[in-house]
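Student: model the structure of this input:
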Amino acid sequence: NPLPLGQWLERGWQTLDALIPANPVNAEWAMAFRSGTPDSITATEMSMGKGLVFDAEGRLVSVLLLVKAVTEPDDRVLIQVQLRPESDAGQAMETIPEGMELALIAPTGEVIQAVQGRCVQGTDSPTLDAFIQLKRFRLPANTPFNLRIQLGAETLTETFTT
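Tutor: Numbers count the residues shown, from 1 in each chain. Below you'll find the predicted structure:
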């Protein structure tokens, strides 16, 4: 069933303050994610997240799916989605595994947009993405959409309605 954005807490979603360990590294990016500038001062904003765990060939990979929804004066909803590695308090920030995919899927199953974790060849050594995110998108009120997260053969899908 699609999850109405206003009912996140009932389905395992948490506020960013509750979800993210309180350390300076996490606090900085969490604040940046929350405080994106809405198009209008009268817009209402909600930022939530959910921890997800994947089994990548016997190695557990923990990530945070973060969703920010800003209701605009015309009742459309501006949505921003990020996938970040989950790190414990005091630990260095991890990276997104190469090939992990975050996709926006229409109710028809069509992939609207998708992004994958990559390995970037640098001057010293290859580096992995610290996070991946979809381009921000707007939907009319009461519009269903799906977010699909995939790593290897394992796929998780979260279904929402604005």
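Student: helices of the chain, residue ranges please.
Tutor: Along the chain, the stretches classed as helices by DSSP state H are 16-19, 24-34.
Student: for the shortest one, which positions count as buried?
Tutor: By neighbour count on 16 or more other CB atoms under 10 Å, the buried set for helix 16-19 is 16, 19. No exception for glycine: its C-beta is placed from N, CA and C like everyone else's.
Student: going forward, the N-terminal residue is numbered 805.
Tutor: New numbering, starting at 805: the last item is helix 820-823.
Student: packing partners for that helix?
Tutor: On a contact count with 3 or more CB pairs under 8 Å, 6 or more residues apart in numbering; DSSP states H and E, helix 820-823 meets helix 828-838, strand 848-860.
Student: where among the helices of the chain is average confidence lowest?
Tutor: Across the helices of the chain, helix 828-838 has the smallest mean pLDDT, namely a mean of 58.
Student: how far does stretch 879-899 stretch from start to finish?
Tutor: Using CA to CA, to the nearest Å, one end of stretch 879-899 lies 36 Å from the other.
Student: count of neighbours near the residue lying closest to residue 856 once chain neighbours are set aside?
Tutor: Spatially, and ignoring its direct neighbours in sequence, residue 856 is nearest to residue 867 (5.3 Å; CB to CB, 6 or more residues apart in numbering). Residues contacting residue 867 under the criterion other CB atoms under 10 Å number 26.
Student: ok, residue 867 - contacts?
Tutor: 855, 856, 857, 858, 887, 888, 889, 890, 900, 904, 953 (CB atoms under 8 Å, 6 or more residues apart in numbering).
Student: hmm, residue 864 and the third one touching each other?
Tutor: In this case it means residue 857. Yes - between residue 857 and residue 864 a contact is recorded at 5.7 Å, counting by CB atoms under 8 Å.
Student: touching, residue 808 and residue 963? I think so.
Tutor: No - applying CB under 8 Å as the test, residue 808 and residue 963 come out as separate, 10.5 Å apart.
Student: residues shared between the contacts of these two?
Tutor: Counting by CB under 8 Å, 6+ apart, nothing touches both residue 808 and residue 963.
Student: helices and strands of the chain: which one bottoms out on pLDDT?
Tutor: The weakest-scoring helix or strand in the chain, judged by mean pLDDT, DSSP states H and E, is helix 828-838 (a mean of 58).
Student: for beta bridges, what are the partners of residue 954?
Tutor: As for beta bridges, residue 954 partners with residue 905, residue 959 under DSSP bridges.
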